[in-house]
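Asks: the following comprises the amino acid sequence and a computationally predicted model.
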Amino acid sequence: VTWTHLRALPNAAYLQAASGHQELFVPTPAAATGDAEGASRRLPQTIIIGVRKGGTRALIEMLGLHGDVAAAENEVHFFDWENHFEKGFSWYVSQMPFSYPGQITVEKTPAYFTSGKVPGRVHRMNPHIKLLLILRDPTERVLSDYTQVFYNRLQRRKQLQPIESVLLRDGEINLDYKAVNRSLYYVHMQNWLRFFPPERIHIVDGDRLIRDPFPEMERVEQFLSLSPQINASNFYFNKTKGFYCLRDHGRERCLHDSKGRAHPQVSAALRDKLYRFFHEPNKKFFELVGRTFDWNEKREHHEYYR
Ligand SMILES: Nc1ncnc2c1ncn2[C@@H]1O[C@H](COP(=O)(O)OS(=O)(=O)O)[C@@H](OP(=O)(O)O)[C@H]1O
């Protein structure tokens with residue numbers, strides 16, 4: 001249990017309203033937790049479903065600043081990995097952090113957003129669950145995704161692939177490249193909207209969360225019906241890291257070095273190709289969710305200065 005957990009303001013009524021899965025709670029003897037009120041592991045009342053490289057770690061860490069939130073430390077991969085899913089909900093609950101009644105349990109698994117079988121499975125667990133989706137400019141997300149794979153391959157001493165070799169096929173954007181597919185947000189969002197109404201899926205603007213996290217986190221608090229506890233002084237800009245870091249009860253910490261890495265230098269022509277490629281899919285996504293993001297404006301801006 002990390003320091004972000006177990007700073008509870010018990011409110012049993014809230015939790016009972018938030019989850020209809022009391023039978024799956026695993027009560028923990030007070031002796032095991034050292035807590036007289038008996039903290040236990042519970043199914044999540046909210047899940048950060050993605051997107052990969054959207055800022056999911058930043059979001060869950062920032063949400064964990066709230067005293068009424070208990071955040072799972074690791075990615076659980078329950079709904080997308082068969083070997084986990086077949087272990088059933090009791091296993092899923094066992095992966096959750098201890099929480100008090102009144103706290104909201106949250107886990108993040110970025111791969112959920114782009115996995116076709118996940119929305120139906122989540123719906124079967126709890127059709128009223130609140131979902132958080134953090135998205136970032138699709139072009140930037142592709143470059144971030146590539147960077148992640150690049151470092152993974154470096155670590156495993158596998159052959160490194162130049163970005164052009166994976167991103168392009170016959171001079172065009174390669175749709176079979178997973179990183180490109182994951183940035184086609186409308187395709188994946190359609191799957192989720194078959195099971196959940198739009199008001200159950202709150203979209204966090206990942207680009208804004210990088211630039212100015214507090215307003216985005218205020219909106220998240222509202223969506224989750226949490227009391228406004230997170231405040232501007234919980235964030236400070238760290239010039240060395242080049243990102244906002246977290247301050248909680250006087251303790252300061254930044255995200256891991258693997259968060260906020262430099263992306264590969266790509267030629268202006270390739271970047272422009274990517275922006276062009278995502279223009280239409282982005283528009284479809286905006287129509288689908290009834291909201292726009294500045295992903296296409298940047299391209300227009302880019303074009304203007306060409
Ligand atoms: N405050 C803060 N500090 C550091 N990094 C931040 C922060 N806020 C958002 N981000 C962005 O989060 C990106 C990583 O996204 P994820 O955590 O979703 O990645 S992962 O899918 O779990 O691997 C990561 O992507 P890269 O910049 O490509 O490393 C960051 O841009």
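Replies: Nice, I can see it. Keep in mind that what you see is a predicted model, and the values were worked out from it rather than measured.
Asks: contacting residues for residue 147?
Replies: 261-264 (C-beta atoms under 8 Å, 6 or more residues apart in numbering). All C-beta atoms are positioned from the backbone trio N, CA, C, and that covers glycine.
Asks: 7 Å instead?
Replies: Going by C-beta atoms under 7 Å, 6 or more residues apart in numbering, residue 147 touches 261, 263-264.
Asks: if you rank those residues by neighbours, which is first?
Replies: residue 263 (14 neighbours; other C-beta atoms under 10 Å).
Asks: packing partners for the helix or strand harbouring residue 276?
Replies: Per DSSP states H and E, residue 276 falls inside helix 268-289. If contacts are counted by 3 or more C-beta pairs under 7 Å, 6 or more residues apart in numbering; DSSP states H and E, helix 268-289 sits against helix 138-155, strand 172-173, helix 185-193, helix 295-304.
Asks: got the ones you listed as JSON lines, with mean pLDDT and distance to residue 278 columns?
Replies: What follows is these, written out as JSON lines (pLDDT from 0 to 100; distance: least, C-beta to C-beta, whole Å):
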{"stretch": "helix 138-155", "mean pLDDT": "95", "distance to residue 278": "5"}
{"stretch": "strand 172-173", "mean pLDDT": "96", "distance to residue 278": "9"}
{"stretch": "helix 185-193", "mean pLDDT": "98", "distance to residue 278": "9"}
{"stretch": "helix 295-304", "mean pLDDT": "62", "distance to residue 278": "7"}
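Asks: for stretch 72-82, buried residues please.
Replies: Using 16 or more other C-beta atoms under 10 Å as the burial criterion, the residues of stretch 72-82 that qualify are 72, 75-80.
Asks: residue 74 in helix, strand or coil?
Replies: coil (DSSP: H, G, I helix; E, B strand; the rest coil).
Asks: ok, and the closest non-adjacent residue to it?
Replies: Excluding the flanking residues, the one nearest residue 74 by C-beta to C-beta, 6 or more residues apart in numbering is residue 95, at 7.7 Å.
Asks: burial check on the one you found, number of neighbours?
Replies: 18.
Asks: then residue 51?
Replies: 26.
Asks: now residue 202: phi and psi?
Replies: When read as degrees, to the nearest 10, the backbone of residue 202 gives phi -90, psi 130.
Asks: who's in contact with residue 216?
Replies: Residue 216 touches 204-205, 208-209, counting by C-beta under 7 Å, 6+ apart.
Asks: output those of the residues you listed also counted as contacts of the ligand.
Replies: Filtering those for proximity to the ligand (criterion: C-beta under 6 Å from any ligand atom) leaves residue 209.
Asks: how much space separates residue 291 from the ligand?
Replies: The gap separating residue 291 from the ligand is 20 Å, by C-beta to the nearest ligand atom, to the nearest Å.
Asks: leaving out sequence neighbours, find the closest residue to that residue.
Replies: residue 203 (7.1 Å).
Asks: how about the strand or helix carrying the one you found: buried residues?
Replies: Assigned by DSSP H and E, residue 203 belongs to strand 201-205. By neighbour count with 16+ other C-beta under 10 Å, strand 201-205 contains the buried residues 201-205.
Asks: next: stretch 152-166.
Replies: Neighbour counts using 16+ other C-beta under 10 Å place 163, 166 of stretch 152-166 among the buried residues.
Asks: quick one: contacts of that stretch?
Replies: Contacts with stretch 152-166, where a contact means C-beta under 7 Å, 6+ apart, come from 146, 150, 174, 177, 264, 266, 270.
Asks: interface residues of the protein facing the ligand?
Replies: 52-58, 110, 144, 147-148, 209-210, 243-244, 255, 259-261.
Asks: point out where the stretch 151-300 of the chain drops to low pLDDT.
Replies: 298-300 (pLDDT under 70).
Asks: skip the chain neighbours and tell me the closest residue to residue 215.
Replies: Nearest one to residue 215, counting by C-beta to C-beta, 6+ apart, is residue 208 at 7.2 Å.
Asks: try residue 44
Replies: Among residues not flanking residue 44 along the chain, residue 105 sits closest, at 4.6 Å (C-beta to C-beta, 6+ apart).
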